[in-house]
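Enquirer: can you look at this prediction? I've put the sequence above it.
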Number of protein chains: 2
Amino acid sequence: MVETQLYVLHASICQTLANPKRLEIIDRLRKSEMSVMQLTEAMQISQANLSQHLAVMRQKGIVKTRREGLNVYYQLGNPKIVQACDLMREVLLEHLETGAELVRGKQEKESIP
Amino acid sequence: MVETQLYVLHASICQTLANPKRLEIIDRLRKSEMSVMQLTEAMQISQANLSQHLAVMRQKGIVKTRREGLNVYYQLGNPKIVQACDLMREVLLEHLETGAELVRGKQEKESIP
DNA sequence: TTACAATATTCGCAAATTCTAATATCGCGA
DNA sequence: TCGCGATATTAGAATTTGCGAATATTGTAA
């Protein structure tokens, strides 16, 4: 089944977005491109770790790069990424509204009727 | 930082979508609601495992349930989920077009310039 | 060519995920 | 109440992921 392969690839895209630091990177890059150094300074994260996250996103086409001397500038690879992230954030916020527990550590499970 | 917490929650939504089986479930539910039994028969997966996946998605508000006698019917909890999935699939397909390696196991890394 | 700054990669380990097997719960009819 | 079908939960092993530490690469200027 070719469908199965698509789900696997699709899941790997989601997996790439499934990290708070990477989401913050995306959020910062939506305003403008940034160099690795700029990102390192803006975020609380080591340069090596940042570079790892960027590599993961690069391989999935989520960000793309432009070199300028010693610096490498990262930008979003596809505007649809931002749209998808915004949609997911809306889903999150709507879910928080109808059951405002999650915000402060209460992990009350959603019950079945 | 309240932002950080949001990124963590957002990442957990993405994590929930980061599984091929769960994406297939979402894809099946977009057409119509289905009972656990119907899903079990339609997908190649054990009932226990399916139930686990459904529980994960339930807790994140991605699916919701309706009971009818012994059967529990699942449906999507928010139409925006489908939109987000479609967008991510477009990103995936566009990325595959510009570098058609991934499809057949060649994991050539995206290089920096 | 050498040195240095910016960035990337590799390695090893703790923590998180996923799956199967086994068990539990829930609703209904006899 | 008892038994059964549908669904849910738990436990444990195997795999994957995230991160720090160390090291490598790349581009530039002296």
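Expert: Perfect, I can see it now.

Enquirer: check contacts around the residue of chain A found nearest DNA strand C.
Expert: The nearest approach of chain A to DNA strand C comes at A:Met37, 3.0 Å away (C-beta to the nearest atom of the strand). From N, CA and C alone the C-beta is placed, and that goes for glycine too. Shown in contact with A:Met37 (C-beta atoms under 8 Å, 6 or more residues apart in numbering or on different chains): A:Asn71.

Enquirer: let's check: the centremost residue of chain A is which one?
Expert: A:Leu23 (3.0 Å; C-alpha atoms, centre = their mean).

Enquirer: you'd agree it is in a strand?
Expert: No - counting by DSSP: H, G, I helix; E, B strand; the rest coil, A:Leu23 is not found in a strand; it is helix.

Enquirer: hmm, it is touching B:Leu9, no?
Expert: No - counting by C-beta atoms under 8 Å, B:Leu9 is not a contact partner of A:Leu23; they are 9.9 Å apart.

Enquirer: can you show me the helices along chain A?
Expert: Secondary structure of chain A, counting by DSSP state H: helices at A:2-17, A:20-29, A:36-42, A:47-59, A:79-97.

Enquirer: list the buried residues in the second one.
Expert: Within helix A:20-29, the residues that count as buried by 16 or more other C-beta atoms under 10 Å in any protein chain shown are A:Pro20, A:Lys21, A:Arg22, A:Leu23, A:Glu24, A:Ile25, A:Ile26, A:Asp27, A:Arg28, A:Leu29.
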